[in-house]
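1. structure, please.
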Amino acid sequence: MRPQRNIKLRSSVSFPLILCVLCGFLGGDAIAQDVIDVTVSKAGWKPDTLRLRKGETLRLSLKSGDDEHCFAVDALRVEKRVRPGKAVSLDLTPDKAGSFPIYCCLEPDNESLRGRLVVSE
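-> Numbering: from 1, shown residues only. Got it, this is the predicted structure:
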């Protein structure tokens, strides 16, 4: 049986240093990343416009307010099913700037199910 070792931090500077190192190893940016809630229903997208910068990652939590829908952005080759009662996560990292339509691929001609992804430089 191994003896237990008590580890004590010798100064108050050690803890912040250890925390910074751990965040670097664990991907500190991913931990601090914001999540945007997006709800789709027959009434449309809420919010109907998403804004971010080229190369920036935006994490979405997609939810349906009624039936099954689809979150699609052709310019980014994204298509994600959204089913009622179950949120689904999606990370977007656009590699080009511009204004791109968001639509439901299950009802592509439904104008109320159109939104916009605006990507700046």
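2. could you use CA atoms for every contact and neighbour count after this?
-> OK.
3. the residue positioned nearest the centre of the chain pairs with what?
-> Against the mean C-alpha coordinate of the chain, by Cα atoms, centre = their mean, the closest residue is Arg59 at 0.7 Å. Counting by DSSP bridges, Arg59 is bridged to Val35, Asp91.
4. okay, it: pLDDT?
-> Arg59 is assigned 95 on the pLDDT scale.
5. now do Val21
-> 37.
6. before we move on, the earlier item: now do the contacts for the residue nearest to the centre of the chain.
-> Neighbouring residues of Arg59 by Cα atoms under 8 Å, 6 or more residues apart in numbering: 33-36, 89-92.
7. which of those sits closest to Lys80?
-> Nearest to Lys80 out of these is Leu90 (Cα to Cα; 7.9 Å).
8. excluding its backbone neighbours, what's nearest that closest one?
-> Leu60 (5.1 Å; Cα to Cα, 6 or more residues apart in numbering).
9. for that neighbour, give me its contacts.
-> Contacts of Leu60 (Cα under 8 Å, 6+ apart): 35-38, 89-92.
10. Asp66 now?
-> Each residue near Asp66 by Cα under 8 Å, 6+ apart is listed here: 40-42, 84.
11. TSV for those residues, including pLDDT and secondary structure?
-> Output for the contacts of Asp66, formatted as TSV (pLDDT from 0 to 100; DSSP: H, G, I helix; E, B strand; the rest coil):
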residue	pLDDT	secondary structure
Val40	95	strand
Ser41	94	strand
Lys42	92	coil
Pro84	93	strand
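12. with neighbour count and distance to Phe100 added, can I get the contacts of Leu60 in JSON lines?
-> As requested, the contacts of Leu60 are exported to JSON lines (neighbours: other Cα atoms under 10 Å; distance: Cα to Cα, whole Å):
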{"residue": "Val35", "neighbour count": "13", "distance to Phe100": "20"}
{"residue": "Ile36", "neighbour count": "15", "distance to Phe100": "18"}
{"residue": "Asp37", "neighbour count": "14", "distance to Phe100": "19"}
{"residue": "Val38", "neighbour count": "18", "distance to Phe100": "16"}
{"residue": "Ser89", "neighbour count": "15", "distance to Phe100": "20"}
{"residue": "Leu90", "neighbour count": "18", "distance to Phe100": "17"}
{"residue": "Asp91", "neighbour count": "13", "distance to Phe100": "16"}
{"residue": "Leu92", "neighbour count": "15", "distance to Phe100": "13"}
